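> sequence first, then the predicted structure, then my questions.
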Amino acid sequence: MSDQTRLRLINLLLQGELCGCDIQHVLGLSQSNVSRHLNYLRRVGLVADRREGYRVFYTLADPRDLDRKRLFEYLRLAFESDSVFLSDLKSLRRAIRHGACTLSEPPPARRPASAARGRARI
């Protein structure tokens, strides 16, 4: 957690789900740089992703895990007093206002088709 880019990514994702291209736009970083850091955060269990067509959306991993929840709460408080993180949030709000970025909620989990078929037989 000592890498500032990763902390900046978490700061944005504390606001909600974002597309990788939106994160890239807000932070002004290359696609490969953003992807590398997001993949690292995903591998260590802090970020989850989902694909929708050619886009990949990222969100913080399930905060029901107590340690993860405490970490996210701590980081949220720490980010409130740092000019870099505040500037990133300002850029995100500006981008949303101008239509460049959208925060979204992940879609509800889908049941596997086999579960739906099994239910129909009853």
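Cool, got the structure. Here the structure is a predicted model, which is why all the values come from computation and not from measurement.
> for the spatially closest residue to residue 20 that is not a sequence neighbour, give me its contacts.
Leaving aside its chain neighbours, residue 20 sits nearest to residue 56 (4.9 Å; criterion: Cβ to Cβ, 6 or more residues apart in numbering). Placement of C-beta: from N, CA and C, glycine included. For residue 56, the contacting residues are 19, 20, 49, 50, by Cβ atoms under 8 Å, 6 or more residues apart in numbering.
> okay, and the beta partners of the residue nearest the centre of the chain?
By Cα atoms, centre = their mean, the chain has its centre lying nearest to residue 59, at 2.8 Å. With beta bridges defined as DSSP bridges, residue 59 has these partners: residue 48.
> low-scoring stretches of the protein, by residue?
For the chain, applying pLDDT under 70 flags the ranges 1, 101-122.
> hmm, back to that, looking at the contacts of residue 56, which is nearest residue 75?
Nearest to residue 75 out of these is residue 49 (Cβ to Cβ; 19.1 Å).
> the closest one and residue 58 touch, don't they?
Yes - under the contact definition of Cβ atoms under 8 Å, residue 49 touches residue 58, with a separation of 5.1 Å.
> who's more crowded, those two?
residue 58 (22 against 16; other Cβ atoms under 10 Å).
> show me where the chain has strands.
18-19, 47-52, 55-60 (DSSP state E).
> which of those strands is buried the deepest?
Of all the strands of the chain, strand 18-19 carries the top mean neighbour count, a mean of 20, counting by mean count of other Cβ atoms under 10 Å.
> which strands and helices sit next to that one?
Identification of packing neighbours for strand 18-19 by 3 or more Cβ pairs under 8 Å, 6 or more residues apart in numbering; DSSP states H and E yields strand 55-60.
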